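# Provided below for reference: sequence and predicted model.
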Amino acid sequence: ILNVEQSPQSLHVQEGDSTNFTCSFPSSNFYALHWYRWETAKSPEALFVMTLNGDEKKKGRISATLNTKEGYSYLYIKGSQPEDSATYLCAFTLNTGNQFYFGTGTSLTVIP
Amino acid sequence: ETGVTQTPRHLVMGMTNKKSLKCEQHLGHNAMYWYKQSAKKPLELMFVYNFKEQTENNSVPSRFSPECPNSSHLFLHLHTLQPEDSALYLCASSQGGQGGNNEKLFFGSGTQLSVL
């Protein structure tokens, strides 16, 4: 079993605050790291897919970084808004097969 | 809309019932997945079909039986389930291919299953 650890489990921030979460994964046989946003009563939605060590991706106020050598990725949200409230999942894939290994997610609540 | 549709959204069944979950994708993808989401646990892969061939079966009990008649449709047939099988069942699809996976998963909204 390949463990993906996400921290913190949950987070409450005030509107306008910036925040970040961590995803830790095994670094051997790594292929790609995925971030998904899962809003209540909706489908998980892909945010980023990263493959290269040092990669950094940005989408509006959300960005992510990747360190494949030490096995971690950070997701940053700048100036949190209530609509950012969701569970943020990370998953990694190996260089063989179709298996995605998911973490348990970080639940973010942005308080207006 | 993600392009992946799951039915039904909610299902309540007894332990002796037989029911099926349906998933359909309109994205032209070749890989389809069944995931199980239990409370406080990570998304757990159940089955993967790649070009209609089952490529992963994560030691799922035989009371869950998948079927993939074509690249656009995926079913999960359920029979003699246990109360601990109550969970959210998510279908997903991706472009598909051989080895490694940097393709995004596109998820359906899930079926919330309760087994009484």
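Ah, there it is.

# Show me which residues of chain A are close to chain B?
Within reach of chain B by CB under 8 Å from any CB of the partner chain, chain A has these residues: A:4, A:31-32, A:34, A:36, A:41-46, A:49, A:51, A:89, A:91, A:93-105. C-beta coordinates here come from the backbone N, C-alpha and C atoms, glycine included.

# What's the PyMOL syntax to select whichever of those are buried?
Those of the residues of chain A next to chain B that count as buried under 16 or more other CB atoms under 10 Å in any protein chain shown are selected in PyMOL with:
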select buried, chain A and resi 4+31+32+34+36+43+44+45+46+49+89+91+93+94+97+98+99+100+101+102+103+104+105
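
# Tell me the helix or strand right after the helix or strand harbouring B:S93.
If you go by DSSP states H and E, B:S93 is part of strand B:87-94. Per DSSP H and E, the first helix or strand lying C-terminal to strand B:87-94 is strand B:106-107.

# Sheet partners, orientation included, of that next one?
Partner strands for strand B:106-107, per DSSP bridges, with pairing direction: strand B:87-94 (antiparallel).

# Mind checking the pLDDT average for the partner strand?
Strand B:87-94 shows a mean pLDDT of 95.

# Show me which residues of that strand are buried.
B:A87, B:Y89, B:L90, B:C91, B:A92, B:S93, B:S94.

# Pull the distance from it to the chain's centre.
5 Å (CA atoms, centre = their mean, to the nearest Å).

# Likewise for stretch A:22-29?
Per CA atoms, centre = their mean, the centroid offset for stretch A:22-29 relative to its chain is 12 Å.

# Parallel or antiparallel, list what pairs with the worst-scoring helix or strand of chain A on mean pLDDT.
The helix or strand of chain A with the poorest confidence is strand A:100-102; it has a mean of 91 (mean pLDDT, DSSP states H and E). Using DSSP bridges, the strands paired with strand A:100-102 are strand A:86-94 (antiparallel).

# who's in contact with the strand it pairs with?
Under the contact criterion CB atoms under 8 Å, 6 or more residues apart in numbering or on different chains, strand A:86-94 has outside partners A:2, A:4, A:6, A:21, A:23, A:25-26, A:29-40, A:44, A:47, A:73, A:75, A:99-103, A:105-108, B:43, B:100-102, B:105.

# Need phi/psi at A:E83.
When read as degrees, to the nearest 10, the backbone of A:E83 gives phi -70, psi -10.

# Just the element for the closest residue to it other than its chain neighbours, please.
Excluding the flanking residues, the one nearest A:E83 by CB to CB, 6 or more residues apart in numbering or on different chains is A:V110, at 7.8 Å. Using DSSP H and E, A:V110 falls within strand A:106-111.
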